[in-house]
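*Asks:* need a structure here:
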Amino acid sequence: MSDNNQDLFPLDELTNYKVADDYSDVRGWDVFDAQNRIVGKVEHLLVSKTAERVVYLDVEVDRSLLEAGYNTFQDKVSKGVHGFINKEGDDHLIVPIGMVSLDTVNKKILTSQIDYNTFTKARRFKIYSIIDREYELMLLRLLIGDNAIDSTILDDRFYNRKEYEKYFHNTEVFKNNTNNNH
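*Replies:* Model (predicted):
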């Protein structure tokens, strides 16, 4: 992942943004997959400065998911495209906010659209790594099971997809107190 044109920032780093008073701050909440298995815990809310809103949950992956890892099942000396292998310390993944719902009573994040097996195949990263659009596109393709998503959506309209709809299916979540965002 590179730092060219960085657009995603943890909410904590944007001094003039905050969770609106009428919304739950889900940092620290557990994330569960479609089979109600724990995936991890929300560590950060990732804001797109271009879209001016939260677009991802940054999830610290649960140990069981880390142990499941990702095996490419490919011979490294063979020709052709190879998969990736998560490295030690790659213990975070992002989840688009339009693909989750809240259980506010139990303080849980539910990802009924994504199963555990899909999460194990997701490429992870080290905390505070810069996330680029190519990684976002690769992950989106995996999470929704559509490898045909065109790379031409890597422009300012990227977050206009249903997977990035309003935060937890509500209206504006974050308030920008000034025009100086970072």
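*Asks:* the longest helix seen in the chain: how far from the chain's middle?
*Replies:* With residue count as the measure and DSSP state H as the assignment, the chain has helix 133-144 as its longest helix. Put simply, helix 133-144 sits 9 Å off its chain's centre (CA atoms, centre = their mean, to the nearest Å).
*Asks:* where along this protein do the helices fall?
*Replies:* 63-68, 116-121, 133-144.
*Asks:* weakest of those helices by average pLDDT?
*Replies:* Ranked by mean pLDDT, the helices of the chain bottom out at helix 63-68, which scores a mean of 73.
*Asks:* which of the helices of the chain sits closest to D103?
*Replies:* Closest approach to D103 among the helices of the chain (CB to CB): helix 116-121, 17.8 Å. Using the backbone N, CA and C atoms, a C-beta is placed for each residue, glycine as well.
*Asks:* and N160, how many neighbours?
*Replies:* Around N160 sit 12 other residues, with neighbours defined as other CB atoms under 10 Å.
*Asks:* ok, it to K126 distance?
*Replies:* According to CB to CB, to the nearest Å, N160 and K126 sit 29 Å apart.
*Asks:* N16 now?
*Replies:* Taking CB to CB as the measure, N16 and K126 are separated by 27 Å.
*Asks:* count the neighbours of D12 for me.
*Replies:* By the criterion of other CB under 10 Å, D12 has 13 neighbours.
*Asks:* what residues does it make contact with?
*Replies:* D12 makes contacts with H44, as judged by CB atoms under 8 Å, 6 or more residues apart in numbering.
*Asks:* quick one: pLDDT of it?
*Replies:* 89.
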